[in-house]
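1. Got a predicted structure here, sequence first:
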Amino acid sequence: MATLNALKKALKKVSDEAPRKPLNDEEYDDGLSLFAQASGEQTYQKTFIIPQLSELIASLSARDEISVLEIGPGPENVLGHLPAILRKRITKYVALEPSFQYTQSLTRWLSPMEDERPLPSLKHLLVRPAPFTPESCKGQNYDVILFCHSLYGMKREEKIIRHTLTMLPKDPLGAIKDDDEAIDSSARFIARYSLTDGKLYKIRQAKWRTICRELAGRDDDRPGHLMLSSTEIMIAMTRHATKLPELTALVPLVPRPYKVKNRQALYNSPAAIVRPLDISQVQSCVRWALANKTSLAILGGGHSDHCLWPNVVSVEMGAFDKVYVVNTPQNADTDCWVVAEAGRKAGDIIKETMPAGVTVTLGSRPSVGAGFWLQGGIGHLARHYGLACDAIVGAVMVDAISGQVLCIGHVPEHNIDHRMPFATNMMRNYCGP
């Protein structure tokens with residue numbers, strides 16, 4: 001099952017050269033409504049977003065009046081679903097919504113003519129038909145900042161989120177007594193370790209105390225105390241976002257950062273990169289993806305822009321790096337077969353096969369992986385030799401529908417139970433004849 005990002009890329013490839021125009025408000029609303037209905041958004045709001053948001057606002061118990069900035073709320077405000085006792089505490093509400101149609105709907109919803117207002121204590125209301133930028137709401141602070149669907153359309157999300165964090169008030173997380181014993185205890189807790197006795201113990205302890213006093217704040221209402229603050233962030237993820245540990249318990253992770261050749265793929269942030277060491281671990285990857293209705297990307301040589309996908313697990317095939325030259329059955333029309341595991345690079349295959357007097361048409365890039373020859377394997381120096389995929393006589397692979405190991409075509413008997421003799425990394429639909 002494809003992710004929305006994968007579908008978006010596929011759709012854009014079809015119309016790269018075609019004339020286009022941005023969606024109008026009505027078209028956008030139609031599409032959003034369909035997705036909201038299909039994903040059960042109302043149920044999701046009631047079971048996750050509303051309880052979490054209620055808990056967050058309830059934690060601001062020190063404030064009788066709460067200010068909220070909502071970015072891209074759409075036609076209706078999520079705050080209207082909060083318990084009445086919490087809605088009464090919201091006195092300032094500012095919304096930035098790119099859609100003019102949505103701003104009108106939201107304004108009508110917030111200021112009804114007859115019904116009770118959803119936010120009854122509002123003293124300041126502003127709904128602006130504008131996108132959010134780092135220049136928006138300059139110099140203003142808000143107790144709560146909500147990002148809605150519009151975050152997906154923003155560029156440089158990390159910079160924008162960092163900017164909004166500066167717009168949150170630096171409220172005290174707690175106050176500690178301004179004496180050496182209390183500071184020493186708090187510093188150990190924050191640093192998660194304690195200083196050991198030694199020649200420099202007293203010097204380091206004095207530095208810790210100085211740092212705490214210099215970085216902490218002061219409050220006239222709490223004399224003799226050091227004030228510390230912490231910005232709280234709530235992130236909502238999909239229901240499968242917690243399932244990754246189930247996979248990493250079975251298959252080793254690859255340390256980051258992991259460099260690939262393709263520049264476009266470099267900018268993608270995969271959920272994780274795992275490195276299966278045997279065929280059963282490849283099956284574990286496929287079965288995990290099937291169980292969680294998610295996708296996998298396959299990482300071989302790293303030349304394809306498909307090897308790393310945003311928020312998708314990549315399966316790095318580097319552990320399957322063997323090449324064998326084996327004798328063929330008597331009825332075969334060739335003297336030998338080359339059996340290459342899925343993680344072996346093109347240049348390595350050529351080096352292994354040349355001493356046996358055979359070769360494979362793999363083009364001129366020695367660092368490409370199995371995806372190259374399964375989908376063509378043709379290079380500008382080797383066109384008259386034909387496609388590498390035309391010469392494939394068999395494969396051992398993991399079925400992407402069932403997770404079973406399949407032997408397709410001619411597979412040397414002694415390789416069937418070996419780790420992964422051939423093209424694991426392209427699954428069933430890319431097998432050549």
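-> The structure has been received and is ready for your questions.
2. what's near enough to touch L69?
-> For L69, the contact set (Cβ atoms under 8 Å, 6 or more residues apart in numbering) comprises 94-96, 137, 140, 142, 144-146, 164, 167. Every residue, glycine included, has its C-beta placed from N, CA and C.
3. how about these in JSON lines, adding pLDDT?
-> Shown next, in JSON lines, are the contacts of L69 (pLDDT from 0 to 100):
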{"residue": "V94", "pLDDT": "91"}
{"residue": "A95", "pLDDT": "90"}
{"residue": "L96", "pLDDT": "89"}
{"residue": "C137", "pLDDT": "79"}
{"residue": "Q140", "pLDDT": "85"}
{"residue": "Y142", "pLDDT": "88"}
{"residue": "V144", "pLDDT": "88"}
{"residue": "I145", "pLDDT": "87"}
{"residue": "L146", "pLDDT": "86"}
{"residue": "T164", "pLDDT": "81"}
{"residue": "M167", "pLDDT": "83"}
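4. what's the closest of those to I66?
-> Proximity to I66 was ranked across these by Cβ to Cβ; first place goes to V144, at 6.5 Å.
5. State the three-state secondary structure for the residue lying closest to the closest one once chain neighbours are set aside.
-> Distance criterion Cβ to Cβ, 6 or more residues apart in numbering; nearest residue to V144, sequence neighbours excluded, is V68 at 4.7 Å. In the three-state summary, V68 is assigned as strand, counting by DSSP: H, G, I helix; E, B strand; the rest coil.
6. any idea how far V68 is from V251?
-> Between V68 and V251 the distance, using Cβ to Cβ, to the nearest Å, works out to 43 Å.
7. picking up where we left off before, neighbour-wise, which of the contacts of L69 leads?
-> Most neighbours among the contacts of L69, by other Cβ atoms under 10 Å: A95, with 26 neighbours.
8. ok, whichever strand or helix holds that residue: who's next to it in the sheet?
-> In this structure, A95 sits in strand 90-96 according to DSSP states H and E. Paired neighbours of strand 90-96 in the sheet (DSSP bridges): strand 66-71 (parallel), strand 124-128 (parallel).
9. May I see these arranged in JSON lines, with mean pLDDT as well?
-> Putting the strands paired with strand 90-96 into JSON lines (pLDDT from 0 to 100) gives the following:
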{"stretch": "strand 66-71", "mean pLDDT": "90"}
{"stretch": "strand 124-128", "mean pLDDT": "90"}
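10. Tell me where the stretch 1-150 of the chain has helices.
-> Remark: helices assigned in the stretch 1-150 of the chain by DSSP state H, counting those that start in this stretch are 4-14, 25-38, 41-44, 50-58, 84-87, 100-110.
11. In the last one, which residues are buried?
-> Of all the residues in helix 100-110, those buried under the rule 16 or more other Cβ atoms under 10 Å are 102-103, 105-106, 109-110.
12. tell me the angle it makes with strand 124-128.
-> Per axes from the mean of the first three to the mean of the last three Cα atoms, to 10 degrees, the angle that helix 100-110 makes with strand 124-128 is 160 degrees.
13. quick one on the thing from earlier: how about the contacts made by the residue nearest to V144?
-> So V68 contacts 79, 90, 92-94, 142-146 (Cβ under 8 Å, 6+ apart).
14. Chain neighbours aside, what residue packs nearest to the residue sitting nearest the centre point of the chain?
-> The chain has N311 as the residue nearest its centroid, 2.9 Å off, counting by Cα atoms, centre = their mean. If you skip the residues right next to it in sequence, N311 has A271 as its closest partner in space, 5.2 Å away by Cβ to Cβ, 6+ apart.
15. Count the residues that sit near the one you found.
-> Every residue meeting other Cβ under 10 Å relative to A271 is counted, giving 18.
16. Same question for I211.
-> I211, neighbours per other Cβ under 10 Å, totals 12.
17. Show me where this protein has its strands.
-> 66-71, 90-96, 124-128, 144-147, 172-177, 225-229, 272-274, 296-299, 313-316, 323-327, 336-340, 394-398, 405-409 (DSSP state E).
18. got the contact list for the longest one?
-> By Cβ under 8 Å, 6+ apart, the residues outside strand 90-96 that reach it are 57, 65-73, 77, 79, 103, 106, 110, 119, 121-128, 130-132, 136-137, 140, 142.
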